[in-house]
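In: Kindly return the folded structure for what I paste below:
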Amino acid sequence: MAQVIGAEIASAMGYALENTDPLAELHTLAEKKQQHLDAVRAATETLVADLNGRGTTHCLYASGSPRQIAGQIQAAHPFDHDHVFSAALLFAAPVGALAPLQELFGL
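Out: Here you go, the predicted structure:
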């Protein structure tokens, strides 16, 4: 029992020496988080600019069974000879999880 208490006291003293100000520690953590959020925001803005700024872009939000989604894609008529070289990007997730992407792409 005495060893356990001694180890806890030593750990607390080591923490006190290493981290003298918890507020400064929280401030540093908040700065790191803000830098990360700024980097994510910049990358997202770059992605949106790239997707919106080049050529013809077709966006479609479809939900339902695979058969229903296929019907919605065919009804959108994105197929013609003007778009011979095309690429598609699919995000598949529960409906609530796609809300940020719907907002991002204006769907």
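
In: And the next helix or strand past the strand or helix carrying Ala39?
Out: Assigned by DSSP states H and E, Ala39 belongs to helix 22-53. Following helix 22-53 in sequence order, the next helix or strand is helix 66-76 (DSSP H and E).

In: Do me a favour and average the pLDDT over that next one.
Out: Averaged across helix 66-76, pLDDT comes to 83.

In: Just the residues contacting that helix, thanks.
Out: His58, Leu60, Ala62, Ser63, Gly64 (CB atoms under 8 Å, 6 or more residues apart in numbering). (C-beta placed from N, C-alpha, C; glycine too.)

In: Got the domain ranges for the protein?
Out: For the chain, automatic domain parsing gives the domain ranges 1-54, 56-107.

In: mind checking how far the residue most central in space within the chain is from Ala99?
Out: Relative to the mean C-alpha position of the chain, the nearest C-alpha, by CA atoms, centre = their mean, is the one of Val40, at 7.6 Å. From Val40 across to Ala99, the span is 17 Å (CB to CB, to the nearest Å).

In: for Asp21, same thing?
Out: With distances taken as CB to CB, Asp21 is found 39 Å from Ala99.

In: Over to Ile73?
Out: From Ile73 to Ala99 the distance is 21 Å (CB to CB).

In: So which of those two has more stuff around it?
Out: Neighbour tally, Ile73 and Ala99, criterion other CB atoms under 10 Å: the higher count belongs to Ile73, 15 against 10.
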